[in-house]
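Enquirer: quick one, structure for this:
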Amino acid sequence: MMCTSIFKNCYFSDLENHLVKIVNTQTATIESTLIINNTGQALHIEADDVYIANSKFTRNDGGAVDIESNNTLIINTEFNYNSAVSRGALQVVSGTVVITWCNFTNNIASQDGGSIHVVSGSVSISNSELTNNIADYGGAIDVYSGSLSISNSELANNSADYGGAIDVVSGSMSISNSELTHNSAVCYGGAIDVVSGSVSISNSELTNNSAGYGGAIDVVSGSVSISNCELKNNRADSGGAIYAGSGNVFISNSELTKNSADIGGAIYVDSGHVIVSNSELRNNRADSGGAIYAGSSNVSVSNSELTNNRARDRGVIYVDSGETSVFNSTLANNSVDLGMIYVSRSS
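Expert: Down below sits the predicted model:
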């Protein structure tokens, strides 16, 4: 027997504790509905198929939506000013969730995922905006496990301690044709913090982000691939654009420009591996390592241009230890006191 739940043109306000709970249902539809000013989790759905469209979830204290389903489509829906311990707006527990033409704004989580917390499953976000969200981990999105893909979207002015816009604990993530701008983290990853897992970023802009480590991206471990991207005007204490701990970073056909840090104007590599190819590192600034700082790490630069970078102290490329190689590349019009490529005695 097919069981279907439909809420259309509804208004729910000022209620407490699981305002709407839909379970053991084949199909659940929420359409043209306003859910506002409720205390406790506003909507919990366990169904085979979920459809949410043209609705608004606003000022729900306890989170807006929890989903455990096989297939979910959320379209043209707004999530504003919701709050909870985890997932200020949306928590995905399982299944495949497609989010398109949605806005997530001013949501807050005291722990994980200011707007979205991905516990497991697969989440796809397109043509959407996630702005001014706040959390400890992942100002806009926290990926605990599972997979996340983002395309043609904007993540702006989000903030967190770790991962100003996105925190990836494990799993996989891909970002394409998107803009991550003016996000900030107190500690690691102004736009993105990758604890483990694999991340691919293509045809995107990461601009004006800031953090203690990795103004745009922090890679604790795991692997990050960056292609056809612009990383510009990012700022950190270490690694103006990218900070790599023990992870692997691959950069190709990209521009890293006008980034700044105390150490490693564009890139700081601690003990990881970084490969830069067919890319431009221009107008980056640092006290040491105007473009790149390499700790006990392996760094390779090929077919690239390092121009107009500045180091107040040592090296446009500063090699502390490990191995650094530069092939078929141009280093021109850089400003440095001690050595264009500075290799310390410990190397």
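Enquirer: gap between Ser145 and Gly171?
Expert: Remark: distance between Ser145 and Gly171 (CB to CB, to the nearest Å) = 5 Å. Any C-beta I mention is one placed from the backbone N, CA and C, and that applies to glycine too.
Enquirer: which residues of the stretch 51-200 of the chain score low on pLDDT?
Expert: The stretch 51-200 of the chain contains no residues with pLDDT under 70.
Enquirer: hmm, back to that, give me the common contacts of Ser145 and Gly171.
Expert: Val118 (CB atoms under 8 Å, 6 or more residues apart in numbering).
Enquirer: how about stretch 149-159: buried residues?
Expert: 149-151, 153-159 (16 or more other CB atoms under 10 Å).
Enquirer: show the average pLDDT along the helix or strand hosting Thr27.
Expert: Per DSSP states H and E, Thr27 falls inside strand 20-31. With pLDDT averaged residue by residue, strand 20-31 scores 84.
Enquirer: between Ser145 and Gly171, which has more neighbouring residues?
Expert: The neighbour comparison of Ser145 against Gly171 (other CB atoms under 10 Å) goes to Gly171, with 20 against 14.
Enquirer: isn't the more buried one right up against Asp142?
Expert: No - using CB atoms under 8 Å, Gly171 makes no contact with Asp142, being 10.8 Å away.
Enquirer: which residues are common contacts for those two?
Expert: Jointly contacting Gly171 and Asp142 under the rule CB under 8 Å, 6+ apart are Val118.
Enquirer: mind giving me the packing neighbours of the strand holding Thr27?
Expert: Counting contacts by 3 or more CB pairs under 8 Å, 6 or more residues apart in numbering; DSSP states H and E, strand 20-31 is packed against strand 4-8, strand 43-53.
Enquirer: that strand to strand 43-53, inter-axis angle?
Expert: 0 degrees (axes from the mean of the first three to the mean of the last three CA atoms, to 10 degrees).
Enquirer: follow-up on the earlier one: and the helices and strands packed on strand 20-31, which is most packed in?
Expert: Among these, strand 43-53 has the highest mean neighbour count (mean count of other CB atoms under 10 Å), at a mean of 20.
Enquirer: now do it: which elements does it pack against?
Expert: Using 3+ CB pairs under 8 Å, 6+ apart, strand 43-53 sits against strand 20-31, strand 65-75.
Enquirer: tell me which of those sits most buried.
Expert: Per-stretch averages of neighbours, counted by mean count of other CB under 10 Å, single out strand 65-75 among the helices and strands packed on strand 43-53, with a mean of 20.
Enquirer: any idea how far that strand is from the chain center?
Expert: The chain centroid and the centroid of strand 65-75 are separated by 22 Å under CA atoms, centre = their mean, to the nearest Å.
Enquirer: going forward, the N-terminal residue is numbered 39.
Expert: With 39 as the first residue, the last one maps to strand 103-113.
Enquirer: can I get it in PDB? Just the C-alpha atoms.
Expert: Output of strand 103-113 as PDB, limited to C-alpha atoms (Å, rounded to 0.1, in the frame of the first residue of the first chain):
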ATOM      1  CA  VAL A 103      15.000  19.800   8.500                       C
ATOM      2  CA  ASP A 104      16.400  16.300   9.100                       C
ATOM      3  CA  ILE A 105      16.200  13.900   6.200                       C
ATOM      4  CA  GLU A 106      16.600  10.100   6.100                       C
ATOM      5  CA  SER A 107      15.400   9.100   2.600                       C
ATOM      6  CA  ASN A 108      16.500   7.400  -0.600                       C
ATOM      7  CA  ASN A 109      16.000  10.400  -2.800                       C
ATOM      8  CA  THR A 110      15.300  14.000  -2.000                       C
ATOM      9  CA  LEU A 111      14.900  17.100  -4.200                       C
ATOM     10  CA  ILE A 112      14.900  20.500  -2.600                       C
ATOM     11  CA  ILE A 113      14.200  23.300  -5.100                       C
END
